[in-house]
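>>> predicted structure and sequence below. I'll ask about it afterward.
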Amino acid sequence: MRLFLAAALTLAPLCAAAAEITSGGDPYMGCIATLSGLIEKDDGLALDEVLAEIDQQRGGEGDLFGPPITGESTLNGDRLCLDSPGGNFNAAIGMGDTLRLWHVGTAVPRGARCESACAVLFLSGVRLGGDGLLRHPNRLLHAGGILGVHAPQLTVQDRQYSPDHVASAYALAVETIAELAIRKTDWKISDPLLYRLLRTPPEEMARIETVFEAALWGIDVVGTAYPDRPTPLAAAHACTKAFALAVLSDPDFSGFPPLDAISLFGTTLARDTNDGVETIRLKLFEEGDYSATCALRMALSPPQPGNPPAPAAPWAEVSFDGGPFVPITPALMFDSRAKLQDLVTPRDGEIQRADVLDTTHPRNDLTYDASCGFWQDGALLGRLPCKARFRRLVNELMQIRIRFDIRFEDGRTSTILQPDQTSLEVTINGVPGTRVDRADAPEKGDATCFRQTGGDAFFCIAQQ
(Lines give C-alpha, C1' and ligand atoms only; values in the text may rest on other atoms or scores of the structure.)
Protein backbone atom coordinates (compact mmCIF):
# COMPACT_ATOMS: atom_id res chain seq x y z
CA MET A 1 0.00 0.00 0.00
CA ARG A 2 2.12 2.92 -1.26
CA LEU A 3 1.53 6.47 -2.35
CA PHE A 4 4.06 7.97 -4.79
CA LEU A 5 4.17 11.71 -5.29
CA ALA A 6 3.43 11.42 -8.98
CA ALA A 7 1.04 8.46 -8.81
CA ALA A 8 -2.33 7.45 -7.52
CA LEU A 9 -2.92 5.84 -4.13
CA THR A 10 -2.33 2.10 -4.15
CA LEU A 11 -2.90 -0.47 -1.46
CA ALA A 12 -0.88 -3.53 -2.46
CA PRO A 13 2.58 -4.69 -3.48
CA LEU A 14 3.31 -3.33 -6.94
CA CYS A 15 4.83 -6.62 -8.09
CA ALA A 16 1.54 -8.56 -7.95
CA ALA A 17 -0.12 -9.78 -11.16
CA ALA A 18 -2.72 -7.60 -12.89
CA ALA A 19 -6.40 -8.28 -12.16
CA GLU A 20 -8.41 -10.62 -14.32
CA ILE A 21 -12.20 -10.26 -14.34
CA THR A 22 -14.18 -13.14 -15.79
CA SER A 23 -17.76 -14.33 -15.75
CA GLY A 24 -18.56 -17.28 -13.54
CA GLY A 25 -17.42 -17.98 -10.02
CA ASP A 26 -17.81 -20.02 -6.86
CA PRO A 27 -21.43 -21.28 -6.83
CA TYR A 28 -21.44 -21.80 -3.05
CA MET A 29 -20.75 -18.09 -2.59
CA GLY A 30 -23.37 -17.13 -5.19
CA CYS A 31 -20.83 -15.54 -7.55
CA ILE A 32 -21.57 -14.72 -11.19
CA ALA A 33 -18.11 -13.22 -11.84
CA THR A 34 -14.61 -13.37 -10.36
CA LEU A 35 -11.85 -10.81 -9.90
CA SER A 36 -8.34 -12.09 -9.25
CA GLY A 37 -4.97 -10.31 -9.19
CA LEU A 38 -3.88 -6.73 -8.63
CA ILE A 39 -6.54 -4.02 -9.08
CA GLU A 40 -5.46 -1.36 -11.59
CA LYS A 41 -7.01 1.92 -12.70
CA ASP A 42 -8.52 0.54 -15.94
CA ASP A 43 -10.14 -2.49 -14.33
CA GLY A 44 -13.38 -0.59 -13.75
CA LEU A 45 -14.16 -0.68 -17.47
CA ALA A 46 -13.49 -4.42 -17.60
CA LEU A 47 -15.90 -4.93 -14.70
CA ASP A 48 -18.57 -2.88 -16.50
CA GLU A 49 -18.16 -5.01 -19.60
CA VAL A 50 -18.46 -8.32 -17.74
CA LEU A 51 -21.55 -7.26 -15.77
CA ALA A 52 -23.27 -5.79 -18.84
CA GLU A 53 -22.62 -9.00 -20.77
CA ILE A 54 -24.13 -11.17 -18.02
CA ASP A 55 -27.14 -8.85 -17.79
CA GLN A 56 -27.74 -9.02 -21.54
CA GLN A 57 -27.46 -12.82 -21.47
CA ARG A 58 -30.31 -12.78 -18.96
CA GLY A 59 -32.43 -10.60 -21.16
CA GLY A 60 -31.61 -7.35 -19.40
CA GLU A 61 -31.25 -4.01 -21.11
CA GLY A 62 -28.15 -2.77 -19.30
CA ASP A 63 -24.97 -1.50 -20.91
CA LEU A 64 -21.61 -0.08 -19.88
CA PHE A 65 -23.45 2.65 -17.97
CA GLY A 66 -25.33 0.14 -15.83
CA PRO A 67 -28.94 -1.13 -15.80
CA PRO A 68 -31.68 1.03 -17.36
CA ILE A 69 -32.85 3.83 -15.09
CA THR A 70 -36.47 2.68 -15.21
CA GLY A 71 -35.65 -1.03 -14.93
CA GLU A 72 -34.34 -3.36 -12.27
CA SER A 73 -30.94 -5.00 -12.46
CA THR A 74 -31.09 -8.67 -13.37
CA LEU A 75 -27.97 -9.09 -11.23
CA ASN A 76 -29.58 -7.97 -7.96
CA GLY A 77 -28.40 -10.23 -5.13
CA ASP A 78 -25.63 -11.93 -7.12
CA ARG A 79 -22.01 -11.54 -6.07
CA LEU A 80 -18.53 -10.85 -7.40
CA CYS A 81 -15.91 -13.27 -6.01
CA LEU A 82 -12.65 -11.59 -4.97
CA ASP A 83 -9.12 -12.96 -4.73
CA SER A 84 -6.69 -10.05 -4.78
CA PRO A 85 -3.81 -8.58 -2.72
CA GLY A 86 -5.14 -5.08 -3.40
CA GLY A 87 -4.03 -2.40 -5.85
CA ASN A 88 -5.26 1.04 -6.83
CA PHE A 89 -7.37 2.56 -4.06
CA ASN A 90 -9.35 4.93 -6.30
CA ALA A 91 -10.01 2.19 -8.82
CA ALA A 92 -11.38 -0.02 -6.03
CA ILE A 93 -13.76 2.72 -4.90
CA GLY A 94 -14.93 3.33 -8.46
CA MET A 95 -15.52 -0.38 -9.01
CA GLY A 96 -17.47 -0.42 -5.75
CA ASP A 97 -19.74 2.29 -7.11
CA THR A 98 -20.25 0.13 -10.21
CA LEU A 99 -21.28 -2.88 -8.13
CA ARG A 100 -23.79 -0.76 -6.24
CA LEU A 101 -25.23 0.52 -9.52
CA TRP A 102 -25.90 -3.08 -10.55
CA HIS A 103 -26.89 -4.13 -6.99
CA VAL A 104 -24.18 -6.79 -6.94
CA GLY A 105 -22.65 -8.17 -3.76
CA THR A 106 -19.14 -9.34 -2.97
CA ALA A 107 -17.63 -12.55 -1.60
CA VAL A 108 -14.28 -13.98 -0.53
CA PRO A 109 -14.42 -17.74 -1.17
CA ARG A 110 -12.63 -20.56 0.59
CA GLY A 111 -8.87 -20.34 0.00
CA ALA A 112 -9.01 -16.79 -1.42
CA ARG A 113 -7.58 -13.62 0.09
CA CYS A 114 -8.83 -10.07 -0.27
CA GLU A 115 -6.61 -7.41 1.26
CA SER A 116 -5.92 -3.67 1.11
CA ALA A 117 -7.75 -2.09 -1.86
CA CYS A 118 -9.57 -5.36 -2.48
CA ALA A 119 -11.10 -5.10 1.01
CA VAL A 120 -12.38 -1.63 0.08
CA LEU A 121 -14.06 -3.11 -2.99
CA PHE A 122 -15.44 -5.94 -0.82
CA LEU A 123 -17.18 -3.42 1.46
CA SER A 124 -19.26 -2.08 -1.43
CA GLY A 125 -21.25 -5.31 -1.86
CA VAL A 126 -24.99 -4.60 -1.92
CA ARG A 127 -28.44 -5.95 -2.76
CA LEU A 128 -31.73 -4.17 -3.31
CA GLY A 129 -34.47 -5.02 -0.82
CA GLY A 130 -37.84 -6.41 -1.74
CA ASP A 131 -39.36 -2.95 -1.53
CA GLY A 132 -37.11 -1.86 -4.41
CA LEU A 133 -35.88 1.11 -2.38
CA LEU A 134 -33.62 0.12 0.50
CA ARG A 135 -30.16 -1.24 -0.16
CA HIS A 136 -28.66 -3.79 2.19
CA PRO A 137 -25.08 -5.04 2.63
CA ASN A 138 -24.39 -8.15 0.57
CA ARG A 139 -20.86 -9.26 1.40
CA LEU A 140 -19.85 -12.76 2.44
CA LEU A 141 -16.55 -13.93 3.85
CA HIS A 142 -15.89 -17.65 3.82
CA ALA A 143 -14.41 -18.77 7.12
CA GLY A 144 -11.65 -20.35 5.05
CA GLY A 145 -10.88 -17.07 3.26
CA ILE A 146 -8.79 -14.04 4.30
CA LEU A 147 -9.95 -10.43 4.56
CA GLY A 148 -7.48 -7.75 5.67
CA VAL A 149 -7.13 -3.96 5.80
CA HIS A 150 -4.43 -1.43 6.59
CA ALA A 151 -3.71 2.28 6.17
CA PRO A 152 -2.07 3.90 3.13
CA GLN A 153 1.57 4.90 3.17
CA LEU A 154 3.18 7.99 1.64
CA THR A 155 6.32 6.71 -0.10
CA VAL A 156 8.65 9.06 -1.94
CA GLN A 157 11.70 8.55 -4.10
CA ASP A 158 15.07 9.45 -2.60
CA ARG A 159 15.40 13.03 -3.78
CA GLN A 160 14.45 16.54 -2.71
CA TYR A 161 10.84 17.76 -3.11
CA SER A 162 9.43 21.22 -3.00
CA PRO A 163 6.81 22.12 -0.41
CA ASP A 164 4.23 22.26 -3.22
CA HIS A 165 4.99 18.65 -4.23
CA VAL A 166 4.66 17.43 -0.64
CA ALA A 167 1.44 19.40 -0.12
CA SER A 168 0.01 17.98 -3.35
CA ALA A 169 0.82 14.40 -2.31
CA TYR A 170 -0.69 14.95 1.12
CA ALA A 171 -3.84 16.43 -0.39
CA LEU A 172 -4.14 13.41 -2.69
CA ALA A 173 -3.91 11.02 0.24
CA VAL A 174 -6.48 12.96 2.28
CA GLU A 175 -8.85 13.26 -0.68
CA THR A 176 -8.64 9.54 -1.38
CA ILE A 177 -9.39 8.58 2.22
CA ALA A 178 -12.24 11.10 2.16
CA GLU A 179 -13.74 9.30 -0.83
CA LEU A 180 -14.13 6.22 1.34
CA ALA A 181 -15.30 8.20 4.37
CA ILE A 182 -18.16 9.87 2.48
CA ARG A 183 -19.38 6.40 1.46
CA LYS A 184 -19.34 5.12 5.04
CA THR A 185 -23.07 5.52 5.62
CA ASP A 186 -24.25 4.38 2.19
CA TRP A 187 -21.93 1.36 2.17
CA LYS A 188 -22.71 0.69 5.85
CA ILE A 189 -19.06 0.55 6.93
CA SER A 190 -18.88 0.03 10.68
CA ASP A 191 -16.92 2.40 12.88
CA PRO A 192 -14.63 -0.36 14.23
CA LEU A 193 -13.73 -1.41 10.68
CA LEU A 194 -12.96 2.11 9.48
CA TYR A 195 -10.95 2.72 12.64
CA ARG A 196 -8.87 -0.44 12.09
CA LEU A 197 -8.28 0.48 8.44
CA LEU A 198 -6.94 3.92 9.30
CA ARG A 199 -4.99 2.89 12.39
CA THR A 200 -3.22 -0.24 11.11
CA PRO A 201 0.29 0.65 9.88
CA PRO A 202 0.95 0.02 6.17
CA GLU A 203 3.56 -2.61 6.91
CA GLU A 204 1.01 -4.61 8.94
CA MET A 205 -2.37 -6.16 8.09
CA ALA A 206 -5.51 -6.28 10.25
CA ARG A 207 -7.33 -9.46 9.34
CA ILE A 208 -10.65 -10.88 10.48
CA GLU A 209 -9.71 -13.89 12.56
CA THR A 210 -12.46 -14.30 15.16
CA VAL A 211 -16.24 -14.38 15.26
CA PHE A 212 -16.28 -11.16 17.30
CA GLU A 213 -14.19 -9.24 14.77
CA ALA A 214 -16.50 -10.31 11.95
CA ALA A 215 -19.54 -9.18 13.93
CA LEU A 216 -18.12 -5.75 14.79
CA TRP A 217 -16.90 -5.25 11.22
CA GLY A 218 -20.41 -6.03 9.94
CA ILE A 219 -19.24 -9.00 7.84
CA ASP A 220 -21.37 -12.12 7.32
CA VAL A 221 -19.24 -15.26 7.66
CA VAL A 222 -20.28 -18.49 5.93
CA GLY A 223 -18.77 -21.91 5.47
CA THR A 224 -18.92 -22.68 9.20
CA ALA A 225 -20.51 -25.37 11.30
CA TYR A 226 -24.09 -24.91 12.53
CA PRO A 227 -25.13 -25.11 16.21
CA ASP A 228 -26.57 -28.57 16.83
CA ARG A 229 -29.50 -27.19 18.86
CA PRO A 230 -30.91 -23.92 20.21
CA THR A 231 -29.69 -23.18 23.74
CA PRO A 232 -29.57 -20.12 25.99
CA LEU A 233 -25.78 -20.16 25.51
CA ALA A 234 -26.13 -19.96 21.71
CA ALA A 235 -28.69 -17.17 22.16
CA ALA A 236 -26.36 -15.31 24.55
CA HIS A 237 -23.48 -15.47 22.08
CA ALA A 238 -25.59 -14.06 19.25
CA CYS A 239 -27.34 -11.48 21.42
CA THR A 240 -24.16 -10.23 23.09
CA LYS A 241 -22.77 -9.41 19.65
CA ALA A 242 -25.99 -7.52 18.83
CA PHE A 243 -25.57 -5.71 22.14
CA ALA A 244 -21.96 -4.82 21.27
CA LEU A 245 -23.10 -3.26 17.99
CA ALA A 246 -25.84 -1.30 19.78
CA VAL A 247 -23.32 0.11 22.25
CA LEU A 248 -21.30 1.41 19.29
CA SER A 249 -24.17 2.77 17.20
CA ASP A 250 -27.32 3.32 19.31
CA PRO A 251 -27.47 6.65 21.22
CA ASP A 252 -29.58 4.94 23.92
CA PHE A 253 -26.49 2.93 24.90
CA SER A 254 -23.89 5.64 24.33
CA GLY A 255 -22.95 5.73 28.03
CA PHE A 256 -22.14 2.04 28.19
CA PRO A 257 -18.47 1.07 27.84
CA PRO A 258 -17.63 -0.85 24.64
CA LEU A 259 -17.88 -4.61 24.91
CA ASP A 260 -15.01 -6.93 24.10
CA ALA A 261 -14.75 -10.53 22.97
CA ILE A 262 -14.85 -11.81 26.56
CA SER A 263 -18.25 -10.20 27.22
CA LEU A 264 -21.19 -12.59 27.51
CA PHE A 265 -24.64 -11.57 28.72
CA GLY A 266 -27.91 -13.43 29.06
CA THR A 267 -30.45 -14.50 31.68
CA THR A 268 -33.26 -16.64 30.29
CA LEU A 269 -36.68 -14.99 30.45
CA ALA A 270 -38.68 -17.49 28.38
CA ARG A 271 -38.39 -20.42 25.97
CA ASP A 272 -41.17 -21.55 23.66
CA THR A 273 -41.53 -23.78 20.63
CA ASN A 274 -44.02 -23.22 17.81
CA ASP A 275 -44.20 -24.80 14.34
CA GLY A 276 -40.74 -26.32 14.59
CA VAL A 277 -39.08 -23.08 15.69
CA GLU A 278 -37.74 -22.43 19.18
CA THR A 279 -37.57 -18.89 20.54
CA ILE A 280 -35.29 -18.08 23.49
CA ARG A 281 -35.75 -14.69 25.12
CA LEU A 282 -32.97 -13.24 27.27
CA LYS A 283 -32.43 -10.27 29.54
CA LEU A 284 -28.98 -9.04 28.65
CA PHE A 285 -28.41 -6.15 30.99
CA GLU A 286 -30.27 -3.94 33.46
CA GLU A 287 -28.70 -1.27 35.60
CA GLY A 288 -30.08 2.19 36.27
CA ASP A 289 -31.19 3.75 33.00
CA TYR A 290 -29.69 0.93 30.93
CA SER A 291 -31.57 -2.19 29.95
CA ALA A 292 -31.51 -4.54 27.01
CA THR A 293 -33.37 -7.68 25.97
CA CYS A 294 -32.86 -10.01 23.04
CA ALA A 295 -34.42 -13.07 21.43
CA LEU A 296 -33.03 -15.86 19.27
CA ARG A 297 -35.40 -17.67 16.92
CA MET A 298 -33.96 -20.89 15.47
CA ALA A 299 -35.43 -23.75 13.43
CA LEU A 300 -35.30 -27.15 15.13
CA SER A 301 -34.94 -29.04 11.85
CA PRO A 302 -31.47 -29.25 10.28
CA PRO A 303 -30.67 -26.56 7.70
CA GLN A 304 -30.83 -27.67 4.09
CA PRO A 305 -27.53 -28.00 2.24
CA GLY A 306 -27.03 -26.14 -1.01
CA ASN A 307 -25.94 -22.89 -2.63
CA PRO A 308 -25.75 -20.07 -1.88
CA PRO A 309 -25.25 -20.33 1.89
CA ALA A 310 -27.02 -18.51 4.71
CA PRO A 311 -28.13 -15.80 5.28
CA ALA A 312 -30.21 -16.32 2.12
CA ALA A 313 -32.71 -18.34 4.22
CA PRO A 314 -33.57 -17.19 7.77
CA TRP A 315 -32.73 -20.47 9.55
CA ALA A 316 -31.82 -18.39 12.61
CA GLU A 317 -32.84 -14.83 13.49
CA VAL A 318 -32.19 -12.36 16.29
CA SER A 319 -34.32 -9.53 17.64
CA PHE A 320 -32.51 -6.99 19.80
CA ASP A 321 -34.39 -4.86 22.34
CA GLY A 322 -37.83 -5.47 20.82
CA GLY A 323 -36.79 -4.70 17.24
CA PRO A 324 -37.62 -6.82 14.19
CA PHE A 325 -36.09 -10.26 13.75
CA VAL A 326 -33.17 -10.21 11.32
CA PRO A 327 -31.39 -13.24 9.82
CA ILE A 328 -27.98 -14.15 11.20
CA THR A 329 -25.28 -16.53 10.06
CA PRO A 330 -24.54 -19.58 12.24
CA ALA A 331 -21.10 -18.22 13.18
CA LEU A 332 -22.68 -15.56 15.44
CA MET A 333 -24.03 -18.26 17.77
CA PHE A 334 -20.53 -19.44 18.67
CA ASP A 335 -18.11 -17.95 21.18
CA SER A 336 -16.86 -14.50 20.20
CA ARG A 337 -13.27 -15.62 20.68
CA ALA A 338 -13.64 -18.66 18.43
CA LYS A 339 -11.26 -18.62 15.47
CA LEU A 340 -13.02 -18.70 12.10
CA GLN A 341 -10.52 -21.30 10.90
CA ASP A 342 -11.65 -23.60 13.74
CA LEU A 343 -15.27 -23.44 12.54
CA VAL A 344 -14.66 -24.18 8.84
CA THR A 345 -16.55 -27.14 7.40
CA PRO A 346 -14.58 -29.73 5.39
CA ARG A 347 -16.63 -29.17 2.23
CA ASP A 348 -18.89 -26.37 1.00
CA GLY A 349 -22.56 -27.10 0.58
CA GLU A 350 -22.63 -29.73 3.33
CA ILE A 351 -24.08 -29.21 6.80
CA GLN A 352 -21.89 -29.92 9.81
CA ARG A 353 -23.35 -29.56 13.30
CA ALA A 354 -21.30 -28.56 16.35
CA ASP A 355 -21.95 -28.17 20.06
CA VAL A 356 -21.72 -24.48 20.96
CA LEU A 357 -20.49 -25.43 24.44
CA ASP A 358 -17.47 -27.23 22.98
CA THR A 359 -16.27 -24.00 21.34
CA THR A 360 -16.99 -21.75 24.33
CA HIS A 361 -13.92 -20.49 26.16
CA PRO A 362 -13.84 -20.04 29.96
CA ARG A 363 -14.95 -16.60 31.08
CA ASN A 364 -11.75 -16.42 33.15
CA ASP A 365 -8.68 -18.61 32.91
CA LEU A 366 -5.81 -17.85 35.31
CA THR A 367 -2.86 -20.06 36.26
CA TYR A 368 -0.58 -19.15 39.14
CA ASP A 369 2.09 -20.67 41.40
CA ALA A 370 0.83 -21.77 44.80
CA SER A 371 1.62 -23.74 47.92
CA CYS A 372 -0.74 -26.62 48.74
CA GLY A 373 -1.04 -27.84 52.33
CA PHE A 374 -2.74 -30.92 53.73
CA TRP A 375 -4.09 -30.83 57.27
CA GLN A 376 -5.61 -33.50 59.53
CA ASP A 377 -6.99 -32.91 63.03
CA GLY A 378 -5.31 -29.51 63.12
CA ALA A 379 -1.85 -30.82 62.21
CA LEU A 380 0.00 -30.08 58.98
CA LEU A 381 0.66 -33.37 57.19
CA GLY A 382 2.67 -31.85 54.35
CA ARG A 383 3.10 -28.98 51.94
CA LEU A 384 3.98 -29.13 48.26
CA PRO A 385 4.61 -26.54 45.57
CA CYS A 386 1.75 -26.62 43.09
CA LYS A 387 0.18 -24.75 40.20
CA ALA A 388 -3.42 -23.63 40.48
CA ARG A 389 -5.58 -23.00 37.46
CA PHE A 390 -8.74 -20.98 38.13
CA ARG A 391 -11.55 -20.96 35.57
CA ARG A 392 -15.09 -19.64 35.43
CA LEU A 393 -16.99 -21.95 33.10
CA VAL A 394 -20.43 -21.50 31.60
CA ASN A 395 -22.84 -24.28 30.65
CA GLU A 396 -25.46 -24.28 27.89
CA LEU A 397 -28.06 -22.85 30.29
CA MET A 398 -25.81 -19.84 30.96
CA GLN A 399 -25.02 -21.00 34.48
CA ILE A 400 -21.55 -20.14 35.77
CA ARG A 401 -19.40 -22.76 37.47
CA ILE A 402 -16.00 -22.24 39.10
CA ARG A 403 -13.26 -24.84 38.77
CA PHE A 404 -9.81 -25.09 40.36
CA ASP A 405 -7.34 -27.52 38.85
CA ILE A 406 -4.33 -28.15 41.10
CA ARG A 407 -1.25 -29.87 39.71
CA PHE A 408 1.84 -30.67 41.72
CA GLU A 409 5.41 -30.32 40.55
CA ASP A 410 5.84 -34.06 39.93
CA GLY A 411 3.14 -33.69 37.26
CA ARG A 412 1.50 -36.95 38.28
CA THR A 413 -0.94 -35.88 40.96
CA SER A 414 -3.82 -33.50 40.45
CA THR A 415 -6.66 -32.24 42.57
CA ILE A 416 -9.85 -30.82 41.11
CA LEU A 417 -11.85 -28.36 43.18
CA GLN A 418 -15.32 -27.43 41.95
CA PRO A 419 -16.93 -24.82 44.22
CA ASP A 420 -20.64 -24.18 43.96
CA GLN A 421 -21.36 -20.70 42.62
CA THR A 422 -24.01 -19.86 45.21
CA SER A 423 -22.85 -21.66 48.38
CA LEU A 424 -19.79 -22.79 50.31
CA GLU A 425 -20.11 -26.37 49.05
CA VAL A 426 -17.31 -27.87 46.99
CA THR A 427 -16.21 -31.20 45.61
CA ILE A 428 -12.57 -32.29 45.95
CA ASN A 429 -11.85 -34.98 43.37
CA GLY A 430 -15.53 -35.84 43.53
CA VAL A 431 -15.67 -35.98 47.34
CA PRO A 432 -18.09 -33.47 48.93
CA GLY A 433 -16.54 -30.70 50.97
CA THR A 434 -17.06 -27.18 52.23
CA ARG A 435 -15.10 -23.97 51.83
CA VAL A 436 -14.28 -22.67 55.30
CA ASP A 437 -13.98 -19.15 56.63
CA ARG A 438 -10.46 -17.91 57.24
CA ALA A 439 -11.13 -17.74 60.98
CA ASP A 440 -11.84 -21.50 61.03
CA ALA A 441 -9.05 -22.50 58.64
CA PRO A 442 -6.00 -24.32 60.03
CA GLU A 443 -3.72 -22.29 57.78
CA LYS A 444 -3.65 -18.56 58.37
CA GLY A 445 -2.87 -15.72 56.00
CA ASP A 446 -4.20 -15.49 52.46
CA ALA A 447 -4.75 -19.23 52.04
CA THR A 448 -8.09 -20.58 50.83
CA CYS A 449 -9.06 -23.78 52.67
CA PHE A 450 -11.59 -26.53 52.05
CA ARG A 451 -12.80 -29.16 54.51
CA GLN A 452 -13.92 -32.66 53.64
CA THR A 453 -17.52 -33.29 54.65
CA GLY A 454 -17.87 -35.56 57.68
CA GLY A 455 -14.20 -35.38 58.65
CA ASP A 456 -11.43 -33.14 59.91
CA ALA A 457 -9.25 -33.16 56.76
CA PHE A 458 -8.39 -29.82 55.17
CA PHE A 459 -6.85 -28.81 51.84
CA CYS A 460 -5.43 -25.28 51.62
CA ILE A 461 -4.12 -23.23 48.68
CA ALA A 462 -1.92 -20.18 49.15
CA GLN A 463 -0.87 -18.12 46.13
CA GLN A 464 2.87 -17.44 45.98
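Now that the structure is in, tell me what you want to look at.

>>> give me the number of residues near Ile402?
17 (other C-beta atoms under 10 Å). Every residue, glycine included, has its C-beta placed from N, CA and C.

>>> hmm, it is touching Val394, no?
No: in this structure, Ile402 is not within contact of Val394 by C-beta atoms under 8 Å, at 10.8 Å.

>>> identify the contacts common to these two.
Counting by C-beta atoms under 8 Å, 6 or more residues apart in numbering, Ile402 and Val394 have no common neighbour.

>>> pull the longest strand from the protein.
strand 379-394 (DSSP state E).

>>> walk me through which strands the very next helix or strand once past that one pairs with, and which way each runs.
Per DSSP states H and E, the first helix or strand lying C-terminal to strand 379-394 is strand 400-408. Using DSSP bridges, the strands paired with strand 400-408 in its sheet are strand 379-394 (antiparallel), strand 414-419 (antiparallel).

>>> Three-state assignment for the nearest residue in space to Trp217 that is not next to it in sequence, please.
Distances taken as C-beta to C-beta, 6 or more residues apart in numbering put Leu193 closest to Trp217, at 4.3 Å, once the chain neighbours are dropped. Look at Leu193: counting by DSSP: H, G, I helix; E, B strand; the rest coil, its state is helix.

>>> likewise for Glu317?
At Glu317, secondary structure determined by three-state DSSP is strand.

>>> and the helices in the protein?
43-57, 89-102, 117-122, 163-181, 184-187, 191-199, 211-216, 232-249, 340-343 (DSSP state H).

>>> for the record, mean pLDDT for the third one?
In other words, helix 117-122. The pLDDT scores in helix 117-122 average 96.

>>> likewise stretch 426-440?
80.

>>> next: stretch 134-143.
93.

>>> next, the buried residues of that stretch.
Of all the residues in stretch 134-143, those buried under the rule 16 or more other C-beta atoms under 10 Å are Pro137, Asn138, Arg139, Leu140, Leu141, His142, Ala143.

>>> what's the answer for stretch 359-370, then?
Quick answer for stretch 359-370 (16+ other C-beta under 10 Å): Thr359, Thr360, His361, Pro362, Ala370.

>>> low-confidence stretches in the stretch 151-300 of the chain?
In the predicted model, the stretch 151-300 of the chain carries pLDDT under 70 at residues 152-173.

>>> to clarify, my last question referred to the stretch 301-450 of the chain.
Residue ranges of the stretch 301-450 of the chain with pLDDT under 70: 306-313, 409-425.

>>> ok, Ala46 - contacts?
Ala19, Ile21 are the contacts of Ala46 under C-beta under 8 Å, 6+ apart.

>>> actually Ile39, sorry about that
Neighbouring residues of Ile39 by C-beta under 8 Å, 6+ apart: Ala12, Ala19, Ser84, Gly86, Gly87, Asn88, Ala91, Ala92, Met95, Ala117, Cys118, Leu121.

>>> point out the least confident member of these, please.
Among these, Ala12 has the weakest pLDDT, 47.

>>> nearest residue to Arg58 in space, please, no chain neighbours.
Thr74 (4.3 Å).

>>> ok, the one you found - contacts?
Ile54, Asp55, Arg58, Gly59, Gly60, Gly62, Pro67.

>>> number of nearby residues for the third one?
Spelled out, that is Arg58. Neighbours of Arg58 under the rule other C-beta under 10 Å: 13.

>>> and it, how close does it get to Asp437?
Arg58 sits 77 Å away from Asp437, going by C-beta to C-beta, to the nearest Å.

>>> got the confidence number for the residue nearest to Arg58?
So Thr74 comes in at 90 (pLDDT).

>>> likewise for the one 5 residues further on?
Each residue has a pLDDT score; the one for Arg79 is 97.

>>> partner residues bridging it?
Cys31, Gly105.

>>> tell me the contacts of the residue nearest to Pro302 when sequence neighbours are not counted?
Leaving aside its sequence neighbours, Pro302 sits nearest to Ile351 (C-beta to C-beta, 6+ apart; 6.0 Å). Ile351 sits next to Tyr226, Pro302, Pro303, Gln304, Pro305, Thr345 when contact means C-beta under 8 Å, 6+ apart.

>>> ditto for Glu278
Pro230, Arg271, Asp272, Arg297, Met298, Leu300.

>>> select from these the one having the most neighbours.
Met298 (25 neighbours).

>>> and which of the contacts of Thr74 is nearest to Val221?
Ile54 (26.3 Å; C-beta to C-beta).

>>> isn't the closest one right up against Ile32?
Yes: shown here, Ile54 and Ile32 form a contact pair, counting by C-beta under 8 Å, at 5.7 Å.

>>> shared neighbours of these two, anything?
Ser23, Leu75.

>>> how much space separates Pro442 from Gln464?
Pro442 is 19 Å from Gln464, by C-beta to C-beta.

>>> higher neighbour count, those two?
Each of Pro442 and Gln464 has its neighbours counted (other C-beta under 10 Å); Pro442 has more, 19 against 10.

>>> quick one: contacts for the closest residue to that one other than its chain neighbours?
Excluding the flanking residues, the one nearest Pro442 by C-beta to C-beta, 6+ apart is Trp375, at 4.4 Å. Residues in contact with Trp375 (C-beta under 8 Å, 6+ apart) are Leu381, Pro442, Glu443, Cys449, Ala457, Phe458, Phe459, Cys460.

>>> circling back: now intersect the buried residues of stretch 134-143 with the strands, please.
Using DSSP E, the members of those that fall in strands are Pro137, Arg139, Leu140, Leu141, His142.

>>> could you dump those residues into TSV and include distance to Ala178?
Shown next, in TSV, are these (distance: C-beta to C-beta, whole Å):
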residue	distance to Ala178
Pro137	21
Arg139	22
Leu140	28
Leu141	26
His142	31
